[in-house]
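J.: Structural data only, the sequence is not supplied:
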């Protein structure tokens, strides 16, 4: 339990953006371009680092997307260094994202892409009621398998549209 008390979520700044780049290079099989990191600096609370004893061990980066008249929170990346998985880091980062969405009150859903072979990620998001809603063929470049599932968690449960 003391481990939890030592972790803090920190904002991403020009001073620590390189730590996010290194983390992403270690955790993800894809490379993110400079525009990704520039955009991350502009999203405020939608991007956070997770620390353990001043070492970056995880991060989440999101953005707001508008799709077919719906406002959705898109998780661009959420990852954690291998030795810190199953220690609550990912849950803490996802809780942060869900808290933002809930407090905002205007998001219809949270969604993300997961490589179809990433069983660990699929199991993680399934625990938080994310559902596979689509498969994107050839979503990834230069990695196999190239296909990705689109996972989504609806935030507008019980929303009834007028049918008059």
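T.: Now that the structure is in, tell me what you want to look at. Quick caveat: nothing in here was measured; it's all calculated off a predicted structure. Numbers count the residues shown, from 1 in each chain.
J.: the strands in this protein, which residues?
T.: 9-11, 47-52, 55-67, 70-80, 109-115, 131-136, 148-154 (DSSP state E).
J.: Just checking: what are the partner strands of the last one?
T.: Looking back up the chat, that one is strand 148-154. The sheet places strand 148-154 alongside strand 109-115 (antiparallel), strand 131-136 (antiparallel), with pairing taken from DSSP bridges.
J.: and that strand, how far from the chain's centre?
T.: For strand 148-154, the distance from its own C-alpha centre to the chain's C-alpha centre is 11 Å (CA atoms, centre = their mean, to the nearest Å).
J.: which residues touch that strand?
T.: 72, 108-116, 122, 125, 128-136, 139-140 (CB atoms under 8 Å, 6 or more residues apart in numbering). Any C-beta I mention is one placed from the backbone N, CA and C, and that applies to glycine too.
J.: List only buried entries from those residues.
T.: If you count burial by 16 or more other CB atoms under 10 Å, the buried members of those come out as 72, 108-116, 122, 125, 130, 139-140.
J.: quick check, nearest of these to residue 89?
T.: Minimum separation from residue 89 among the buried ones among the contacts of strand 148-154 (CB to CB) is found for residue 125, which lies at 14.7 Å.
J.: and the nearest residue to the closest one once chain neighbours are set aside, how far is that from residue 15?
T.: In space, and not counting its chain neighbours, residue 125 is closest to residue 151: 5.2 Å by CB to CB, 6 or more residues apart in numbering. The spacing between residue 151 and residue 15, counted by CB to CB, to the nearest Å, is 32 Å.
J.: between these two, which one's more packed in?
T.: Of the pair residue 151 and residue 15, residue 151 is the one with more neighbours under other CB atoms under 10 Å, namely 21 against 7.
J.: biggest helix in this structure, by residue count?
T.: Residue-count comparison of every helix in the chain, with assignments taken from DSSP state H, identifies helix 89-104 as the longest.
J.: helices or strands next to that helix in the packing?
T.: Under the contact criterion of 3 or more CB pairs under 8 Å, 6 or more residues apart in numbering; DSSP states H and E, helix 89-104 touches strand 9-11, strand 47-52, strand 55-67, strand 70-80, strand 109-115.
J.: and the angle for that helix with strand 70-80?
T.: Angular relation of helix 89-104 and strand 70-80 on a 0 to 180 degree scale: 160 degrees, by axes from the mean of the first three to the mean of the last three CA atoms, to 10 degrees.
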